[in-house]
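[1] Need coordinates for the following:
(one chain, ligands or ions: 2)
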Amino acid sequence: MAFDGPQNRDPSLYHLVSDDGSIAVLEWRPSKDYRTKFEIPSRSLPGFWQDMRQDYSDLPLSGVAELDAIINGDAPFIGKGDDGLVFDLGDGRVVKLYSTVPYHADNQWHRTPEKAAQRGMDEFNAHQALAGVACVPDIEAFQHAGRTWLVKPKLETTETPTQEQYDAVAECLRQIHRAGWSVNDRIEVGLDANGDPFIFDLGKATPGADQRMREDDRDHLAWWPARDTVVTDRSLAMTTEDLEAKAAHSVEMARGWLDPDYPKACWPEVEEALALTKAAALRVMRERGPKASKPLRKLHDDLKRDYEAICG
Ligand SMILES: Nc1ncnc2c1ncn2[C@@H]1O[C@H](COP(=O)(O)OP(=O)(O)O)[C@@H](O)[C@H]1O
Ligand SMILES: [Mg+2]
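    Ligands and ions are numbered 1, 2, ... in the order given. Predicted coordinates:
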């Protein structure tokens, strides 16, 4: 395939567009040591740039105050997962904007704008279907500029739950299962101002849950809220060699996104890599002694240091 590039749009991000304009190859070069390359449909590029920078000033205003706060840059960016970017409206609510930025930098085909918008509506539909469950908050959905924007109550996500709050979530999960649904992801819980727990990310929730999916949900809940523990537990199913390889690969991936120009694009990847390298280092230390685990500990500590320097 012939390309009419390269076009330098950015110091660390290059792209080449194919003749018919249908495919763009992005080369992501945050530092001289790390680079990654992937293909995306070229019509996805504008959204990709916006999401990388959390800058939506190119979009037309919507006339909806909650959305325009983000377009005007008035709502600080507070979180990113593998589907969405979350902004604080400052009035007890947040907006989750479905993102086109791939979670894994080595995704050959990142999600298209249409797929991203559809996934946002899937999350909204899950909230509608589960509206009777106490832990499922009421949310609003808007479509604007080809994107889905969800307005949700803001929750406190860092506090460790009490037994009572934990039990309430367990009961909600049973109700979700009785309704035929599964959360189908990490169970992400936050507390409102009254201390009532809510499950805030139903982005992968699905109807038609089977026994296996319900069990997975219960497993996730059993480990909530300690992410490190979830990763450690998952890692037990792997051989030590596979775990080491996966940890090293995850650091490569995370490094590919760790860029001072885009300090917030990297969060989920780096956190996953830190948890995995920690789990791998502990396992190797137990099995082969501290000396053997040193390279993994160094990988972990170096990544953590750079992460803190950039994302602070
Ligand atoms: N309602 C909320 N209140 C406070 N923080 C939130 C809320 N929703 C999301 N966040 C923050 O944003 C991050 C990403 O949101 P999430 O809904 O989990 O997106 P994704 O579907 O991409 O995983 C969360 O991990 C959390 O830190
Ligand atoms: Mg999430």
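[2] So whichever residue of the stretch 201-312 of the chain sits closest to ligand 2 versus C135, what's the distance?
    For the stretch 201-312 of the chain, the residue closest to ligand 2 is D201, as judged by CB to the ion, at 3.8 Å. Quick note: C-beta positions are derived from backbone N, CA and C, even for glycine. According to CB to CB, to the nearest Å, D201 stands 12 Å off from C135.
[3] ditto for R288
    For R288, the distance to C135 - CB to CB - is 43 Å.
[4] Tell me which of the two has more neighbours.
    C135 (21 against 11; other CB atoms under 10 Å).
[5] circling back to that earlier point, skipping adjacent residues, who's closest to the residue of the stretch 201-312 of the chain closest to ligand 2 in space?
    E188 (4.2 Å; CB to CB, 6 or more residues apart in numbering).
[6] show me the residues around the one you found that make contact.
    E188 sits next to T157, I199, F200, D201 when contact means CB atoms under 8 Å, 6 or more residues apart in numbering.
[7] Out of these, flag the one nearest to ligand 2.
    Of the contacts of E188, the one sitting nearest to ligand 2 (CB to the ion) turns out to be D201, at 3.8 Å.
[8] Any chance of the backbone angles for the most centrally placed residue in the chain?
    For the chain, G81 is the residue whose C-alpha lies nearest the centre (CA atoms, centre = their mean; 1.6 Å). When quoted as degrees, to the nearest 10, the phi and psi of G81 stand at phi -120, psi -150.
[9] which parts of the helix ranked longest in the chain are buried?
    Counting by DSSP state H, the longest helix found in the chain is helix 267-288. Using 16 or more other CB atoms under 10 Å as the test for burial, helix 267-288 gives 267-285.
[10] And ligand 2, is it touching that?
    No. Figure legend: helix 267-288 not in contact with ligand 2 (CB under 5 Å from the ion); closest approach 8.1 Å.
[11] pLDDT averaged over that helix - what is it?
    Per-residue pLDDT over helix 267-288 has a mean of 86.
[12] Send me that helix as PDB with only the CA atoms.
    Provided in PDB are the C-alpha atoms of helix 267-288 (Å, rounded to 0.1, in the frame of the first residue of the first chain):
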ATOM      1  CA  TRP A 267      -3.300   5.800  33.400                       C
ATOM      2  CA  PRO A 268      -5.000   2.400  32.900                       C
ATOM      3  CA  GLU A 269      -2.100   0.900  31.000                       C
ATOM      4  CA  VAL A 270       0.500   1.900  33.600                       C
ATOM      5  CA  GLU A 271      -1.600   0.800  36.500                       C
ATOM      6  CA  GLU A 272      -2.100  -2.600  35.000                       C
ATOM      7  CA  ALA A 273       1.600  -2.900  34.300                       C
ATOM      8  CA  LEU A 274       2.600  -1.900  37.800                       C
ATOM      9  CA  ALA A 275       0.200  -4.400  39.300                       C
ATOM     10  CA  LEU A 276       1.400  -7.200  37.000                       C
ATOM     11  CA  THR A 277       5.100  -6.500  37.500                       C
ATOM     12  CA  LYS A 278       4.500  -6.500  41.300                       C
ATOM     13  CA  ALA A 279       2.700  -9.800  41.100                       C
ATOM     14  CA  ALA A 280       5.400 -11.300  38.900                       C
ATOM     15  CA  ALA A 281       8.200 -10.000  41.100                       C
ATOM     16  CA  LEU A 282       6.600 -11.500  44.200                       C
ATOM     17  CA  ARG A 283       6.100 -14.800  42.600                       C
ATOM     18  CA  VAL A 284       9.700 -15.000  41.300                       C
ATOM     19  CA  MET A 285      11.000 -13.900  44.700                       C
ATOM     20  CA  ARG A 286       9.000 -16.700  46.400                       C
ATOM     21  CA  GLU A 287      10.100 -19.400  43.900                       C
ATOM     22  CA  ARG A 288      13.700 -18.300  43.000                       C
END
